[in-house]
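Asker: Any chance you could fold what I've pasted below:
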Amino acid sequence: MQNKQKEIEHDQKIKEDAEFFWGWATPAGKLRAERRSNMIISRVKSRGFSRVLEIGSGTGIFTESFCEAGLDVYGVDISFDLLKELKIKHSGKNILNLSVADVENMPYCDGSFDAVVGVCVLHHFDIVPALTEISRVLKEGGIFLFSEPNMMNPQLALQKNIRPIKRLSILGETEGETAFFKWQMKNLLKTMSFKEISIMPFDFLHPWTPKLLIPFVEKLGFCLEKIPLLKEIAGSLLIRAVK
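Answerer: Here you go, the predicted structure:
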């Protein structure tokens, strides 16, 4: 409970500039957000699904994209303040199905959703209880789709494990945050009886990349994503599984 309270307090502090602290507000950050939205939307739609639960809706960066793609989106976040910002920033966008709730105890019936999705959110949680509850609200045959930080990335390994770096406010970090190894998530999902597990390292574009360098870094990153071993140190993991 202590870590959850710290998360809530941290969100209260950054609520008005949360997207800056999370790295989504820069030119490179916006491209990264768009790529993640498109990856999730295409995979949900490829299965003919529409009823989606977004974990950690925050200020609605991804919620809006999911809604605009025609998905029936429900959003949950532990922070009342962030969801309030979402409603302010996206007023008139028909984002109505929002709940302030703990991911370990969500107000939804068993098997309520075709897909449960999220971006950079699972690494804030006590992962086993969170996965258990996500599995509960996901229907049989439903899809689990998350983009999460990759602990194999050198910068993230330092950022998540070296306390003085973690405490730098510019990083928007909280004490309980971590990142995931690919093998770690695969084993956890297997333990939870998920099937068709696929975990893909991707993205070498840093959110603070100068605008003039974005085309070069983006192109280089796409090449690195195709190279064995090197791709394993990409910044993110796209985690996909079927219940």
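
Asker: same for the longest helix that the chain contains, what does it pack against?
Answerer: Of all the segments of type helix in the chain, defined by DSSP state H, the longest one is helix 27-46. If contacts are counted by 3 or more Cβ pairs under 8 Å, 6 or more residues apart in numbering; DSSP states H and E, helix 27-46 sits against helix 61-68, strand 113-119, strand 138-149, helix 214-224, strand 236-242. Where C-beta positions appear, they are placed from N, C-alpha and C, glycine not excepted.

Asker: CSV for the ones you listed, including mean neighbour count and mean pLDDT?
Answerer: Converted to CSV, those look like this (neighbours: other Cβ atoms under 10 Å; pLDDT from 0 to 100):
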stretch, mean neighbour count, mean pLDDT
helix 61-68, 22, 92
strand 113-119, 25, 97
strand 138-149, 20, 97
helix 214-224, 14, 97
strand 236-242, 23, 98
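
Asker: if we can go back for a sec, who's in contact with the longest helix of the chain?
Answerer: By Cβ atoms under 8 Å, 6 or more residues apart in numbering, the list of residues contacting helix 27-46 from outside reads 19, 22-24, 50, 52, 61-62, 65-66, 69, 71, 114-115, 117, 119, 143, 145, 147, 203, 205-209, 211, 214, 217-218, 236, 238, 240.

Asker: what distance separates that helix from the centre of its chain?
Answerer: Chain-centre distance of helix 27-46: 11 Å, with Cα atoms, centre = their mean, to the nearest Å.

Asker: cool, stretch 115-133 as well?
Answerer: 9 Å.

Asker: if we can go back for a sec, quick one: mean pLDDT for whichever helix or strand comes after the longest helix of the chain?
Answerer: Next along the chain after helix 27-46, taking DSSP states H and E as the criterion, comes strand 51-55. Mean per-residue pLDDT for strand 51-55: 97.

Asker: Flag every buried residue along strand 51-55.
Answerer: Neighbour-count burial for strand 51-55, counted by 16 or more other Cβ atoms under 10 Å, picks out 52-55.

Asker: Show me what it pairs with in its sheet, parallel or antiparallel.
Answerer: strand 72-77 (parallel), strand 113-119 (parallel) (DSSP bridges).

Asker: Tell me who's in contact with Ser147.
Answerer: Neighbouring residues of Ser147 by Cβ under 8 Å, 6+ apart: 36, 39-40, 118-120, 236-239.

Asker: so Gly58 sits right up against Asp77, yeah?
Answerer: Yes - in this structure Gly58 lies within contact range of Asp77 using Cβ atoms under 8 Å: 6.0 Å.

Asker: I'd like to know which elements the strand or helix carrying Glu196 is packed against.
Answerer: Counting by DSSP H and E, the element that carries Glu196 is strand 195-202. Taking 3+ Cβ pairs under 8 Å, 6+ apart as contact, the helices and strands that strand 195-202 lies on are helix 182-191, strand 236-242.

Asker: CA atoms only: put it into PDB for me.
Answerer: C-alpha atoms of strand 195-202 as PDB (Å, rounded to 0.1, in the frame of the first residue of the first chain):
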ATOM      1  CA  LYS A 195      -0.900 -18.800 -24.500                       C
ATOM      2  CA  GLU A 196       0.600 -17.600 -27.800                       C
ATOM      3  CA  ILE A 197       3.100 -15.400 -25.900                       C
ATOM      4  CA  SER A 198       5.100 -13.100 -28.000                       C
ATOM      5  CA  ILE A 199       7.600 -10.500 -26.600                       C
ATOM      6  CA  MET A 200       9.300  -8.200 -29.100                       C
ATOM      7  CA  PRO A 201      12.100  -5.700 -28.200                       C
ATOM      8  CA  PHE A 202      11.600  -2.500 -30.200                       C
END
